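Enquirer: Generate coordinates for the sequence data below:
(one chain, ligands or ions: 8)
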Amino acid sequence: MASSPFNVLFALFTILGITAVASATDCNPLENTTCPADNALSTEHTWWLNSTLDSELWDMETGTADYTSTGADFSIKTENASTLLVSNFYIFFGVMETHVKMSPGRGIISSVILQSDDEDEIDWEWVGYNTSSVQSNFFGKGNTTTSDRGAFHNVANADTEYHNYTSYWDKERLEWWIDGEKVRTVNYSEPTTLYGKNYPQTPCRVKASIWPVGLPSASVGNIEWGGGLVNWDDLPFTMSIQRIRVKDFSSGKEYEYEGTSGSYDSIKIVDGNSTAKAEIEKTPAKTLAEKWNDLGEGAHIGVYCGAAAAGGLLVALFSWWCIRQRQQGRLARALNDGNHGEELASMEKSQNQWAQSRWGRQSYQPVP
Ligand SMILES: *[C@@H]1O[C@H](CO)[C@@H](O)[C@H](O)[C@H]1NC(C)=O
Ligand SMILES: *[C@@H]1O[C@H](CO)[C@@H](O)[C@H](O)[C@H]1NC(C)=O
Ligand SMILES: *[C@@H]1O[C@H](CO)[C@@H](O)[C@H](O)[C@H]1NC(C)=O
Ligand SMILES: *[C@@H]1O[C@H](CO)[C@@H](O)[C@H](O)[C@H]1NC(C)=O
Ligand SMILES: *[C@@H]1O[C@H](CO)[C@@H](O)[C@H](O)[C@H]1NC(C)=O
Ligand SMILES: *[C@@H]1O[C@H](CO)[C@@H](O)[C@H](O)[C@H]1NC(C)=O
Ligand SMILES: *[C@@H]1O[C@H](CO)[C@@H](O)[C@H](O)[C@H]1NC(C)=O
Ligand SMILES: *[C@@H]1O[C@H](CO)[C@@H](O)[C@H](O)[C@H]1NC(C)=O
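Expert: Numbers count the residues shown, from 1 in each chain. Ligands and ions are numbered 1, 2, ... in the order given. Here you go, the predicted structure:
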């Protein structure tokens, strides 16, 4: 009954006349042999979504993420809106672990998936009307003619607690794990994979989205899958992601399709350094506290002594200034007392003139 959420999302955009910003890699290599190669992740990394994601590695293609101290909120705030976060790196087999709080709400889908350019897909999908369930699913080469691949799994309080949803993916098998427990395995060669033909096997990137399936324009099957039409009085709908760990089992610079079979042995791993890996390993700008810790004990003592010396110097300077102020005060009083007021007045006047001429000069500066 349910078709791939991202195909639906695309169809939806088409129906609603919304043009999603196409990324450089929105090109199906089975239909177009000149698609650009896929950037390899080529490493393992965990992104905590308590601070803004590196825009070199992630694109917020639709909507916005609201970062909080515990994770990022992806919300539908207005009727028919959706959000879509996409990684611009790919893994060629690997692991994707995400800690998510699904959005409740009839007709609302929360999802975190792996998807390839020729539409292989490995999915976690939460259907908003049932907050104690998650659906595992997969697709091969965009084949959505049957929906016998989805399975439902129990998760308590999926909307109010973060749970660990992990997909493990290699050439032989696909596994879905919830909170450290394996809930499903799909082997490469099974009837549901058409004995390998529709087994996901091409480089995938991560996509996370919250979107409404319960729209009058959706198919009856999809509306049913979502549990009915969205009740827009319940806005906003929010999915939260605490973190995403991604591990690439391959390493190299890029992954390239050779030919149009879409099988894993047609994927060429281009040798070289991954730009995504370099971006991840780039030393982040250090905080003051980190710089301080880096200095070591000897340096710390040195800095303390320096600060003490500087403090001493400041005390000395301050004392000198106080004494001077007192003397000047005394001098002014003495001058006033001795009827030297005119001299002081003329000094003030010349200072005012100096200040005015300074401002005057500045305002007469020609505009460069
Ligand atoms: C094939 O992909 C290239 C690169 O993305 C693009 O410029 C070209 O228009 C595409 N051709 C077709 C027929 O889709
Ligand atoms: C985000 O969470 C991680 C893990 O709890 C923590 O190490 C990191 O300091 C947090 N970052 C911010 C900006 O709060
Ligand atoms: C798509 O999958 C169905 C069964 O799930 C299968 O009968 C059909 O041949 C597949 N189509 C392609 C083009 O592989
Ligand atoms: C929610 O999903 C769980 C697990 O998939 C299932 O056992 C339960 O019956 C579902 N509840 C509703 C209200 O559909
Ligand atoms: C999440 O689950 C996966 C699979 O069981 C496991 O490898 C990983 O360590 C878990 N993550 C955490 C933070 O426990
Ligand atoms: C998958 O393969 C394993 C052995 O590698 C086997 O034990 C298991 O029954 C298979 N599962 C399915 C669903 O075919
Ligand atoms: C939302 O989409 C539906 C089509 O499913 C359309 O009828 C409705 O007018 C849209 N609402 C807004 C506010 O765009
Ligand atoms: C890849 O990185 C390594 C070490 O960082 C460097 O020695 C090597 O020259 C780089 N290779 C290319 C092709 O840039």
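Enquirer: where along this structure do the helices fall?
Expert: 5-16, 220-225, 275-281, 288-294, 296-337, 341-363 (DSSP state H).
Enquirer: Mean pLDDT lowest where, among these?
Expert: Among the helices of the chain, helix 341-363 carries the lowest mean pLDDT, at a mean of 37.
Enquirer: Get me the contact residues on the chain for ligand 4.
Expert: 130, 132, 133, 152, 154 (Cβ under 6 Å from any ligand atom). Glycine gets a C-beta too; all of them are placed from N, C-alpha and C.
Enquirer: Highest neighbour count among those residues?
Expert: Within these, most neighbours by other Cβ atoms under 10 Å means residue 130, with 18 neighbours.
Enquirer: Apart from its chain neighbours, what residue comes closest to that residue?
Expert: Excluding the flanking residues, the one nearest residue 130 by Cβ to Cβ, 6 or more residues apart in numbering is residue 227, at 7.2 Å.
Enquirer: how many neighbours does the one you found have?
Expert: By other Cβ under 10 Å, 17 other residues sit near residue 227.
Enquirer: Was I right to think it contacts residue 127?
Expert: Yes - Residue 227 lies in contact with residue 127 (Cβ atoms under 8 Å); the separation is 6.2 Å.
Enquirer: picking up where we left off before, list the contacts for the residue nearest to residue 130?
Expert: Listed by Cβ atoms under 8 Å, 6 or more residues apart in numbering, the contact partners of residue 227 are 106, 107, 127, 128, 129, 130, 214.
Enquirer: and if you look at residue 192?
Expert: Residues in contact with residue 192 (Cβ under 8 Å, 6+ apart) are 148, 149, 186, 198.
Enquirer: Would you mind checking the residues you listed for buried ones?
Expert: With burial judged by 16 or more other Cβ atoms under 10 Å, the buried subset of these is 149, 186, 198.
Enquirer: Just the ones of those in strands?
Expert: Among the buried ones among the contacts of residue 192, the residues falling in strands (DSSP state E) are residue 186.
Enquirer: How about residue 177: what's its closest non-neighbour residue?
Expert: Distances taken as Cβ to Cβ, 6+ apart put residue 166 closest to residue 177, at 4.2 Å, once the chain neighbours are dropped.
Enquirer: number of nearby residues for the closest residue to residue 264 other than its chain neighbours?
Expert: Leaving out its chain neighbours, the residue that sits closest to residue 264 by Cβ to Cβ, 6+ apart is residue 201, at 4.0 Å. Residue crowding around residue 201 was assessed by other Cβ under 10 Å; the count is 26.
Enquirer: For residue 201, list the residues it contacts.
Expert: Residue 201 neighbours (Cβ under 8 Å, 6+ apart): 120, 140, 171, 262, 263, 264, 267.
Enquirer: want to try CSV for these, with distance to residue 79, neighbour count and pLDDT as columns?
Expert: Shown next, in CSV, are the contacts of residue 201 (distance: Cβ to Cβ, whole Å; neighbours: other Cβ atoms under 10 Å; pLDDT from 0 to 100):
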residue, distance to residue 79, neighbour count, pLDDT
120, 32, 24, 97
140, 34, 22, 96
171, 44, 13, 98
262, 37, 23, 97
263, 42, 15, 98
264, 42, 18, 98
267, 41, 22, 98
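Enquirer: Mind putting these into a markdown table with distance to ligand 2?
Expert: What follows is the contacts of residue 201, written out as a markdown table (distance: Cβ to the nearest ligand atom, whole Å):
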| residue | distance to ligand 2 |
| --- | --- |
| 120 | 31 |
| 140 | 36 |
| 171 | 33 |
| 262 | 38 |
| 263 | 39 |
| 264 | 34 |
| 267 | 34 |
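Enquirer: Ligand 5 contacts on this structure?
Expert: 97, 164, 166, 177, 180.
Enquirer: What residues are bridge-paired with the residue lying closest to the last one once chain neighbours are set aside?
Expert: To tie it back to what came earlier, the one meant is residue 180. Leaving out its chain neighbours, the residue that sits closest to residue 180 by Cβ to Cβ, 6+ apart is residue 164, at 6.7 Å. Legend: beta-bridge partners of residue 164 under DSSP bridges are residue 99.
Enquirer: Quick check: residue 164 vs residue 173, distance?
Expert: Residue 164 sits 19 Å away from residue 173, going by Cβ to Cβ, to the nearest Å.
Enquirer: Might you name the residue of the stretch 151-300 of the chain sitting closest to ligand 2?
Expert: Distances between the stretch 151-300 of the chain and ligand 2 by Cβ to the nearest ligand atom are smallest at residue 243, namely 7.6 Å.
Enquirer: By proximity to ligand 1, which residue of the stretch 151-300 of the chain wins?
Expert: residue 257 (11.7 Å).
Enquirer: so what pLDDT did that residue get?
Expert: pLDDT recorded at residue 257 is 98.
Enquirer: and it, how many residues sit next to it?
Expert: 24.
Enquirer: returning to that earlier point: now the phi/psi pair for the residue nearest to residue 130, please.
Expert: phi 90, psi 20 (degrees, to the nearest 10).
Enquirer: By mean pLDDT, flag the weakest helix or strand of this structure.
Expert: The weakest-scoring helix or strand in the chain, judged by mean pLDDT, DSSP states H and E, is helix 341-363 (a mean of 37).
Enquirer: Alright, calling it a day.
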